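Undergrad: Predicted model follows, preceded by the sequence.
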Amino acid sequence: MRDKIVGGFLLLLTACSGRDPKFQQYYVQGEKLYQQHCSNCHQKNGMGLGRVYPPLAQSDYMQNNFDRVICLMRHGMQGEMVVNGVTYNQAMPGIPTLTELELAELATYIYNTGEHARGPVRLEDVARSLKTCP
Amino acid sequence: MKYTKEMKSFAKVAAACVWVALLLTQCTKPKPLPVFGQREVVNGDTVYHTIAPFLFVNQDSLPITNQTFANKIYVADFFFTSCRTICPIMKTQMLRVYEAIQNEDDVLILSHTIDPEWDTVALLRDFAGRLGVESKKWHFVTGTKDSIYKIAQTSYFATALEDKSEPDGFIHSGAFLLVDRQQRIRGKYDGTKEEDVNRLIADIAWLKQEYAR
């Protein structure tokens, strides 16, 4: 009986917060990875730097290119890209050592921060995206 | 006239007050920024370490020399555009300095590339444009590799070396150096730390006051 009450309460809590524990866990880990690997250039607040490094917090590119974003975190990218109508051209090195789990955590963080509210990015989403990498 | 006991104690209190006031003025008396580097005494005058003569080219292909900074205060650093470790943070912080001094006619910024083979004038021009800064205020300069490394080490006491074993191929410090009108170094700050850069911005104002007095 007591377990049921506690269980019910927990369910209610997660329902209220709108985030399941796994989402929360991915998000927190993702934030750590972001600070470690990405915030140097894209800034702690995800606003980017001038026309040198594009923003992530508000980004039509991210909205429209989920698969490519997953790929470029691991493999990097070069050449021009247009984000929110602004052309950027600074090579980004990939981080080949990032595991699929880490990619999912990072993506969960950046896709639910700033103006993004995509919800959790799961391992299977990452695996599917990685298959599309050039 | 005969001193009463009251008068004596009054005199004592007054003397104490004068002392405290003197001490206070000593404490609040503006303390000049230190002068960095070796100094020697020549014919009774102290000769300080100054920035050696240099000739570089900026993002507008204009020659940049010590003369460019005559009667100006400037902040110098060493970086390269393809650097992904500390430089992006340094540039974020230098942009804060730029914003703070934007309307000060006598304060400039001088960023040296330590990768002149990659960072051509055209690339530096593009980079400065992308940062959205004016070239008359913030010079991005290039030159021969040897001359840049030498001035970094001997004039600015900053580390700049090529090292293929490093992730980006270079070892360099993230220091920002504050140089006064006489081309003497008056402050060294960690350009990757916000608090240090706050101190730099305050010191620039302080140094300007030193000249205004």
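TA: Okay, I see it.
Undergrad: Which secondary structure element is home to the residue most central in space within chain A?
TA: Centroid-nearest residue in chain A: A:Ala107, 2.1 Å away (criterion: C-alpha atoms, centre = their mean). A:Ala107 belongs to helix A:100-110 when elements are defined using DSSP states H and E.
Undergrad: which helices and strands sit right next to the helix or strand following that helix?
TA: Helices and strands here follow DSSP H and E; after helix A:100-110, the next one along the chain is helix A:123-131. The contact analysis (3 or more C-beta pairs under 8 Å, 6 or more residues apart in numbering or on different chains; DSSP states H and E) places helix A:123-131 against helix A:66-75, helix A:100-110. All C-beta spots, glycine's among them, are computed from the backbone N, C-alpha and C.
Undergrad: Not counting the first one itself, show me its contacts.
TA: Put plainly, it is helix A:66-75. With contacts defined as C-beta atoms under 8 Å, 6 or more residues apart in numbering or on different chains, helix A:66-75 is touched by A:61-62, A:77, A:92, A:94-96, A:98, A:103, A:106-107, A:110-111, A:125-126, A:128-130, A:132-134.
Undergrad: how far does stretch B:78-87 stretch from start to finish?
TA: 9 Å (C-alpha to C-alpha, to the nearest Å).
Undergrad: hmm, that stretch in reach of chain A?
TA: Yes - shown here: stretch B:78-87 in contact with chain A (C-beta under 8 Å from any C-beta of the partner chain) through B:Thr81, B:Ser82, B:Arg84, B:Thr85, B:Ile86.
Undergrad: repeat for stretch B:125-140
TA: Yes - Stretch B:125-140 is in contact with chain A by C-beta under 8 Å from any C-beta, via B:Asp126, B:Phe127, B:Gly129, B:Arg130, B:Leu131, B:Gly132.
Undergrad: Can you show me the CA trace of that stretch as PDB?
TA: C-alpha atoms of stretch B:125-140 as PDB (Å, rounded to 0.1, in the frame of the first residue of the first chain):
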ATOM      1  CA  ARG B 125      40.100  41.100 -42.300                       C
ATOM      2  CA  ASP B 126      37.300  38.600 -42.600                       C
ATOM      3  CA  PHE B 127      37.700  37.600 -39.000                       C
ATOM      4  CA  ALA B 128      37.600  41.200 -37.700                       C
ATOM      5  CA  GLY B 129      34.600  41.900 -39.900                       C
ATOM      6  CA  ARG B 130      32.800  38.800 -38.500                       C
ATOM      7  CA  LEU B 131      33.500  40.000 -35.000                       C
ATOM      8  CA  GLY B 132      32.000  43.300 -36.100                       C
ATOM      9  CA  VAL B 133      34.900  45.500 -34.900                       C
ATOM     10  CA  GLU B 134      36.500  48.600 -36.500                       C
ATOM     11  CA  SER B 135      40.100  48.400 -37.700                       C
ATOM     12  CA  LYS B 136      41.000  51.800 -36.400                       C
ATOM     13  CA  LYS B 137      40.300  50.600 -32.900                       C
ATOM     14  CA  TRP B 138      41.300  46.900 -33.000                       C
ATOM     15  CA  HIS B 139      44.300  46.000 -35.100                       C
ATOM     16  CA  PHE B 140      44.700  42.300 -36.100                       C
END
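Undergrad: So for it, what gets flagged as buried?
TA: B:Arg125, B:Asp126, B:Phe127, B:Ala128, B:Arg130, B:Leu131, B:Val133, B:Trp138, B:His139, B:Phe140 (16 or more other C-beta atoms under 10 Å in any protein chain shown).
Undergrad: Over to stretch B:92-100?
TA: B:Thr92, B:Gln93, B:Met94, B:Leu95, B:Val97, B:Tyr98, B:Ala100.
Undergrad: got a list of what the third one touches?
TA: In other words, B:Met94. By C-beta under 8 Å, 6+ apart, the neighbours of B:Met94 are B:Val75, B:Asp77, B:Ile109, B:Ser111, B:Trp138, B:Phe176, B:Gly191.
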